[in-house]
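> sequence-free structure coming up:
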Ligand SMILES: Nc1ccn([C@H]2C[C@H](O)[C@@H](COP(=O)(O)OP(=O)(O)OP(=O)(O)O)O2)c(=O)n1
């Protein structure tokens, strides 16, 4: 089982399996990737090209390249594990997703966003916004799960006349 996970992580062409079975490798960390990418950029004197807005454009361009791999396929609703994808297609996807990650990490660095911590904080926020017991099996927006009006609000009506409660 663990051998399967390692070979999947190392070989972008390997079968993906079901989501529950798949894990990333424990390393490198996001900080390792940030540092290696920063070294790659510095060694080439490319820092002058990596202003936040240019990195954002590069990131969006690479997201477009990921989309290209999915568009017009006969199986547009590709299932987890991407059954039916050839090894070369899987390898291309791994490359494009990596481009997205590298530009995202560069952008976060240039914007001084500590991305791993920010992502954990965002997960906390998501948990609070989407209580598992209420959001289970539902795709509705978090505003749907927010607490309803208090008794006082129900009695007195909305405090801001411009924004009636629904
Ligand atoms: N100024 C640059 C140029 C490239 N890269 C790095 C980040 C990406 O991982 C990759 C992007 O390289 P390309 O622009 O050559 O794009 P692709 O790798 O997607 O090649 P192609 O457009 O042929 O698919 O190289 C970078 O950090 N900064």
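Thanks, I have the structure now. Note that the coordinates shown come from a computational prediction; the quantities given were computed from them, not determined experimentally.
> only C-alpha atoms for contact and neighbour calcs from this point on.
Will do.
> In the longest helix seen in the chain, which residues are buried?
Criterion DSSP state H: the longest helix present in the chain is helix 87-110. By neighbour count on 16 or more other C-alpha atoms under 10 Å, the buried set for helix 87-110 is 89-96, 99-109.
> ok, now stretch 132-148?
Across stretch 132-148, burial judged by 16+ other C-alpha under 10 Å covers residue 135.
> So which residues make contact with it?
Residues external to stretch 132-148 that are found in contact with it (C-alpha atoms under 8 Å, 6 or more residues apart in numbering): 129-131.
> Most neighbours out of those, which is it?
Neighbour tally across the contacts of stretch 132-148 (other C-alpha atoms under 10 Å): the maximum, 20 neighbours, falls on residue 130.
> do you know how far it is from residue 121?
Distance from residue 130 to residue 121, counting by C-alpha to C-alpha, to the nearest Å: 14 Å.
> so for the longest helix of the chain, what's the average pLDDT?
Averaged over helix 87-110, pLDDT sits at 98.
> which is the next helix or strand following that helix?
Note on helix 87-110: by DSSP states H and E, the next helix or strand toward the C-terminus is helix 115-129.
> Quick one: mean pLDDT over whichever helix or strand comes after that following helix.
Downstream of helix 115-129, the next assigned helix or strand under DSSP H and E is helix 132-135. In this model, helix 132-135 has a mean pLDDT of 90.
> from now on call the first residue 731
Yep, numbering from 731; the last one is helix 862-865 now.
> Please convert the contacts of stretch 862-878 to TSV, extending it with distance to residue 871.
TSV is the format used below for the contacts of stretch 862-878 (distance: C-alpha to C-alpha, whole Å):
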residue	distance to residue 871
859	9
860	9
861	12
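> Okay, now the unreliable bits of this protein?
731-750, 877-896 (pLDDT under 70).
> And residue 752, how far from residue 844?
Taking C-alpha to C-alpha, one finds residue 752 at 26 Å from residue 844.
> try residue 857
Distance, residue 857 to residue 844, by C-alpha to C-alpha: 20 Å.
> How about residue 859?
22 Å.
> which ones are touching residue 836?
Counting by C-alpha under 8 Å, 6+ apart, residue 836 touches 764, 767-768, 780, 785.
> chain center to the helix or strand hosting residue 798: distance?
Element membership for residue 798 (DSSP H and E) is helix 782-800. The chain centroid and the centroid of helix 782-800 are separated by 13 Å under C-alpha atoms, centre = their mean, to the nearest Å.
> Great, nothing more from me.
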